[in-house]
Structure formats: structure tokens, C-alpha cells
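Visitor: Quick check, what structure comes out for this input:
(2 chains)
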Number of protein chains: 2
Amino acid sequence: MAPSHILTAFDEELKYLQRRISEMGGLAEEMVSESVEALVNTDSALAQKVISDDLVLDEAEREIGDKAVVIIARRQPVASDLREIMGAIRIAADLERVGDMAKNTAKRVISVQGTGVPRKLAHGIEHLSELALLQLKEVLDAYNSRQADKANSIRERDEEIDAIYTSLFRELLTYMMEDPRNITTCTHLLFCAKNIERIGDHATNIAEMIYYIATGAQPQGERPKDDNTAAVGSSDT
Amino acid sequence: MAPSHILTAFDEELKYLQRRISEMGGLAEEMVSESVEALVNTDSALAQKVISDDLVLDEAEREIGDKAVVIIARRQPVASDLREIMGAIRIAADLERVGDMAKNTAKRVISVQGTGVPRKLAHGIEHLSELALLQLKEVLDAYNSRQADKANSIRERDEEIDAIYTSLFRELLTYMMEDPRNITTCTHLLFCAKNIERIGDHATNIAEMIYYIATGAQPQGERPKDDNTAAVGSSDT
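Guide: Residues are numbered from 1 along each chain as shown, chains lettered A, B, ... in the order given. Here you go, the predicted model:
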């Protein structure tokens, strides 16, 4: 058994990783929310803020990764301590990708400024992002409270997001067919919707990681990682 | 110093990870190539094969991750050995995502069967995938030969893929504007092109990991991870 001051220092290091993950999560949530706000209001200043914030998130991921490797080398953890550190690396990577999704949406703001975003489509995108943000928030809460069971139920929730995304996808196609002048804007909105849908996938990844940290096992069952729009249009044949 | 048979067993474990990564890489390359072939020939049997292969790739990633954690716990590696293992986990995750991209393209084959893929667009998608596959092949070679310098130059190559993707993006928009009956098919092709473009991003990630394994540092300079199509259309305003 190592002396308790060593354990305490190690505990502090684990807590540091956990705190940094929570900070990353908070920033990622803010970026997603602001990117959608920037999009529906075609607010390019807010979009620019999201793009800048992504650099902070990238740097945080790098720092967590470097720190984690130093902790493993120094403390040589096993079992749940090791899983905790490995999980932190993975979760940081997913949060970094969530930031990328928000940045990509923000970058499209300039392309839709000419036409603006039709009110009905804006509403659909906002609804999709609210669900994705709720999922992200719940999964970050589950990480902080170490509730693996809660994380596993979040994973199943992803289907709701996919259903809304599929309906939005069809609606965007309809807008494009009605008026070719909508095509460029709607194409960008398609990618924005896809970005938001993928945030749900990253939340699902994080939920799986929380389950892994707690139990050492991967959750059972097929994971709902792909969207359902791939088959849209096949009934037209 | 540990007895040499222990070192040998550890070396064997590292080599096992490396071999499994190479196998994953080979399968991922095959899936990308076949998904594009299935798309341009609207070959749904081949598309189904790609979708099935993705399960094998997912399982390989899980196995590498589990094995890596066992090795860390048992051998308590530091410095380059630890980076080797951490790198293997990350590279496996990127290759798994490459498989997801191929699967998503394969899933869209059924949606374009009604209209088929116009020859000129098919040619553009094939060209894009050839470049992405070349980049993936080079990065896997660099991983096997541990040539960090080579990996760093691959990273810069990504710009070529982005340029072709942007040109294809514009061409797809043009097709949609010319005839609304092209909209559904072209939307799916847009996502397929985006999938292929993202394979280049994953190759870039892997190149960065190879550099990290060899040097312990992240490569310097802005990484070209986002595409340039976000601003397409902004000049129309």
C-alpha cells in the first residue's frame, strides 16, 4: 500500500482530469448553443466567437491527453483508476469533436446570410439542437456523478434525435425542390443538421465510456451510431 | 532491468497491437474502395458487404482497446512504450471511423439506385476517393515503418483532397439547380463526398499520432481539419 499522501496526490490528479473534462463539456455546450443561435439569426460576430472558442477546446484536449499519459507513467494505475484515465482521454476527444461540429455550423453562417434561414427550418434546427444539448448535458451530469446506469439509458435516447433529423432532412429536400434558389442555403443547413445529429453520437460515445469506467465492460447491444437518412429517396425508385 | 523473456513477451504484445492495427487499416482501405465502387455502379450486394465488414472493424477496435489497457496494467510501460500503446488506441479509433464513413456511403447506394450516378459526378467521387485512399495507404505505411517525418508531410497533403472536394461540392450544387429531379441523389452524393473528405481528416489524425509516438510531441502548426465548402455560396449574397 502506498503512503496516503501519495494516494492523495494521485486523487488530486484524477480530480484535475475530471474538472478539466467538465470545463470542456461546459464550453462545448456553449459553443453548440451559440452556433445554432448564430445560424438562425445569421449573426456572424457570434459565429466568429464560436470559431475562436474551438481553439480553446482543442488545446484543452491536448492538455488532458498529455496530462493523462504523465499520470499513467508516474502512478502506474490499474483497474478502475486506469479506466478512469483512459476514459478521460476518450471523453476529451469526443468533446473536442463536438466543438468541431459547432465550429463547422458557425462557419456556414456566412453562406446563409444572403437568404437567411426560413422560420420553419430554423425552428426544426433549434428543436434538434435542444435535444442534442439535453443529451450532452445529461451525459456530462452522469460523468460527474458516476451514474453508469443513467449513462446507459441516455444511449437509447439517441433514436429520438435521429427521428427529428430524418424529418428535417426530408423537409430540406422539399424546400430545395420547390425553389432552386433555396438549394445553396438548404445544402448548408443539411450539413448543419448533420453536425447536430452527430453531437448525439458523441454523447452516446461518452455514455458508453462512463459505463466502461464504472464497470470495465462495453455496454451490450447494437449501438445506434448511424443516421436513418441514408435510405431517404429509395422509395422513389 | 527485467529478465529478457519478460521483455520479449512485452515486445510480442506491442507487435500484436501493431499487427492488429495493420489488419484494421487493410480492411478499412478495402471498405472505402468497395463503398465507392458500390456507389458508382449502384451495386447493392457490394454495399451490403461493406456494411457487414464494419462490424468486424468495430470489434477489432474494441479488442485493441481492451488489450491495450491489459498491457498497460500488466507491464506499466513508460515513455515511448506507453506512447506506442496510447497511439495504437487512438489510431484504432480513427480507423474505426474510416469504416463508419465507408458504411455510410454504402448505405446510400440504395437511395441513388433510381437515378444512378451521372458519369461526370462518379468520376469526381472516384478521384476524391483515390486521393483519400492514397493518403490512408501512406499513413499506414508510415505507421509500419515508424517514419515520423513521412507522417508529417502526409498531413500537409490534406489540402489537395479539400480542393477536389470543394470543386465536387460546387458541381453537385450546379446539378441540383439545373434539374430538381437530381436533388435527392445529389444530396446523398454530397454526403458521400463529405464522408470521403473526412477519411483524409482521419489519415491526418493518424499521421499526428505517428509523430507523437516517435517524438512525444504534437506536430506544430494549424491543422487543416475542416473543409472549405462552408463558405460556398457566400459570394452570392
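Visitor: Quick check: next helix or strand after the helix or strand bottoming out on mean pLDDT in chain A?
Guide: Evaluated with mean pLDDT, DSSP states H and E, the helix-and-strand set of chain A has its lowest mean pLDDT in helix A:148-178, which scores a mean of 87. Sequence order places helix A:183-215 as the next helix or strand after helix A:148-178, per DSSP states H and E.
Visitor: Any buried residues in that following helix, and which?
Guide: Of the residues in helix A:183-215, A:183-214 count as buried by neighbour count, 16 or more other Cβ atoms under 10 Å in any protein chain shown. Just so you know, the C-beta spots here come from the backbone N, C-alpha and C atoms, and that holds for glycine as well.
Visitor: my read: A:K67 touches A:L17, true?
Guide: Yes. A:K67 is in contact with A:L17 according to Cβ atoms under 8 Å; the separation is 6.6 Å.
Visitor: Those two: who's more crowded?
Guide: Taking neighbours as other Cβ atoms under 10 Å in any protein chain shown, A:K67 and A:L17 compare with A:L17 leading, 21 against 18.
Visitor: residues in contact with A:E197?
Guide: When contacts are counted by Cβ atoms under 8 Å, 6 or more residues apart in numbering or on different chains, A:E197 touches A:128, A:132, A:161-162, A:165, A:227.
Visitor: Now with 10 Å, please.
Guide: For A:E197, the contacting residues are A:101, A:128-129, A:131-132, A:158, A:161-162, A:164-166, A:168-169, A:227-229, taking Cβ atoms under 10 Å, 6 or more residues apart in numbering or on different chains as the criterion.
Visitor: number of nearby residues for the closest residue to A:L46 other than its chain neighbours?
Guide: Taking Cβ to Cβ, 6 or more residues apart in numbering or on different chains as the measure, A:L46 lies nearest to A:A38, with 4.0 Å between them; neighbours along the chain are not counted. The criterion is other Cβ under 10 Å. On that basis, A:A38 has 23 neighbouring residues.
Visitor: Next, work out how far apart A:A38 and chain B are.
Guide: The span separating A:A38 from chain B equals 13 Å under the rule Cβ to the nearest Cβ, to the nearest Å.
Visitor: sec struct for A:P219, please.
Guide: The local conformation at A:P219, judged by DSSP: H, G, I helix; E, B strand; the rest coil, is coil.
Visitor: State the distance from the nearest residue to A:L140 once chain neighbours are set aside to A:A73.
Guide: Closest residue in space to A:L140, ignoring its immediate chain neighbours: A:G25 at 4.1 Å, by Cβ to Cβ, 6+ apart. Applying Cβ to Cβ, to the nearest Å, the value for A:G25 to A:A73 is 26 Å.
Visitor: A:L133 now?
Guide: The span separating A:L133 from A:A73 equals 36 Å under the rule Cβ to Cβ.
Visitor: Compare these two (neighbour count), which wins?
Guide: When neighbours are counted by other Cβ under 10 Å, A:L133 and A:A73 differ, and A:L133 comes out ahead with 20 against 16.
Visitor: Do I have it right that the more buried one meets A:G26?
Guide: No. A:L133 sits out of contact with A:G26 when judged by Cβ atoms under 10 Å, with a separation of 11.7 Å.
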